[in-house]
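Colleague: I'll drop the sequence and a predicted model, then ask my questions.
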Amino acid sequence: KAEEEARKKAEEEARIKAEEEARKKAEEEARIKAEEEARKKAEEEARIKAEEEARKKAEEEARIKAEEEALKKAEEEAACACTSQECGSKMSSIETKVEILRAVKPPVNVKAIAASVAVLFSFLAVLSMGNTSNYYIKTKHGNTLVYQGSFAPVGKNLIATLPGTVSPAQVKDVYTKDEIRPILFRSLMDQALALKNNPGSPDFAAITELLEKAAENATSADETTQVKKHLSAVKAIKEAYCPAINP
């Protein structure tokens, strides 16, 4: 009996010891696993945070660089946008805005920078729209080239090539639309009449095109009437030359 009780007691103690060791082992494994997961989670969060900060830094640097390039471009365009006295006040205003943007600023304020850039580009837009109202004349190879300002602080588009040259009294640095239209009208009319009076079969299409362009540049009712009379005459002559096409 004593031996049996001792055996049972030993078995019970061994069982309890084994369970205690198994419990401790399970707790240790759970602790290690939890610490490993926490470490991985912390590393992942740190990586994501570092990537986000790097992305924001890269975006901020790219934005600042883009603004600096836009500012330099605006300064360059504004510097050579106008040469006439008419653009003097606009240039002064642009330079004032540029100096404001170049002044020492407090820590980056995105809204303030965006507002300043918007103001700058608004002034550039005003200057650009003003340039489309400017016209320029250049003489080349005995012809007069007429340019209209493009939608940019600097730039011109060729809109007409007129035979001959304008008189020195008419030469200016910049023309308004009202100043350039009479020059265009008279040249287009002269070209149309010269074609009309050429010997042989007239080029009706070319004559009509010149007269229609002249009508677009007429500055008075008398000039419009004059163009209409010539168009009617051309139509009558065309019908006389081509009765089968124009019954």
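Modeller: Arrived safely.

Colleague: Counting neighbours, which bits of the host helix or strand of A192 end up buried?
Modeller: With elements delineated by DSSP states H and E, A192 resides in helix 177-196, which encompasses its position. For helix 177-196, burial by neighbour count (16 or more other Cβ atoms under 10 Å) applies to I180, R181, I183, L184, F185, S187, L188, M189, Q191, A192, L195, K196. All C-beta atoms are positioned from the backbone trio N, CA, C, and that covers glycine.

Colleague: Once you drop chain neighbours, what's closest to the first one?
Modeller: Using Cβ to Cβ, 6 or more residues apart in numbering and skipping residues adjacent in sequence, the residue nearest I180 is Y135, 4.2 Å away.

Colleague: Of all pairs in the buried residues of helix 177-196, which one is the farthest apart?
Modeller: Pairwise distances across the buried residues of helix 177-196 (Cβ to Cβ) peak at 24.3 Å, for the pair I180 and K196.

Colleague: Which secondary structure elements does the longest helix along the chain sit against?
Modeller: For the chain, the helix reaching the highest residue count under DSSP state H is reported as helix 2-81. Using 3 or more Cβ pairs under 8 Å, 6 or more residues apart in numbering; DSSP states H and E, the elements in contact with helix 2-81 are helix 88-102, helix 110-131.

Colleague: Let me see the mean pLDDT of the shortest one.
Modeller: In this case it means helix 88-102. The average pLDDT for helix 88-102 rounds to 58.

Colleague: cool, and stretch 202-210?
Modeller: 87.

Colleague: now do stretch 10-26
Modeller: 93.

Colleague: and stretch 207-225, how far from the chain's centre?
Modeller: How far stretch 207-225 lies from its chain's middle: 35 Å, per Cα atoms, centre = their mean, to the nearest Å.

Colleague: buried set for that stretch?
Modeller: For stretch 207-225, burial by neighbour count (16+ other Cβ under 10 Å) applies to I207, T208, L210, L211, K213, A214, A215, N217, A218, E223.

Colleague: For stretch 49-68, buried residues please.
Modeller: Neighbour-count burial for stretch 49-68, counted by 16+ other Cβ under 10 Å, picks out E67.

Colleague: Pull out the CA atoms of that stretch and give them to me as PDB.
Modeller: C-alpha atoms of stretch 49-68 as PDB (Å, rounded to 0.1, in the frame of the first residue of the first chain):
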ATOM      1  CA  LYS A  49       6.000  56.200 -42.400                       C
ATOM      2  CA  ALA A  50       9.500  56.700 -43.900                       C
ATOM      3  CA  GLU A  51       8.100  56.100 -47.400                       C
ATOM      4  CA  GLU A  52       5.300  58.600 -46.900                       C
ATOM      5  CA  GLU A  53       7.700  61.200 -45.500                       C
ATOM      6  CA  ALA A  54      10.100  60.600 -48.400                       C
ATOM      7  CA  ARG A  55       7.200  60.900 -50.900                       C
ATOM      8  CA  LYS A  56       6.000  64.100 -49.300                       C
ATOM      9  CA  LYS A  57       9.500  65.500 -49.300                       C
ATOM     10  CA  ALA A  58      10.000  64.500 -53.000                       C
ATOM     11  CA  GLU A  59       6.600  66.100 -53.900                       C
ATOM     12  CA  GLU A  60       7.500  69.300 -51.900                       C
ATOM     13  CA  GLU A  61      10.900  69.500 -53.600                       C
ATOM     14  CA  ALA A  62       9.300  68.900 -57.000                       C
ATOM     15  CA  ARG A  63       6.700  71.600 -56.300                       C
ATOM     16  CA  ILE A  64       9.300  74.100 -55.100                       C
ATOM     17  CA  LYS A  65      11.400  73.400 -58.200                       C
ATOM     18  CA  ALA A  66       8.400  73.700 -60.500                       C
ATOM     19  CA  GLU A  67       7.500  77.100 -58.900                       C
ATOM     20  CA  GLU A  68      11.100  78.300 -59.200                       C
END
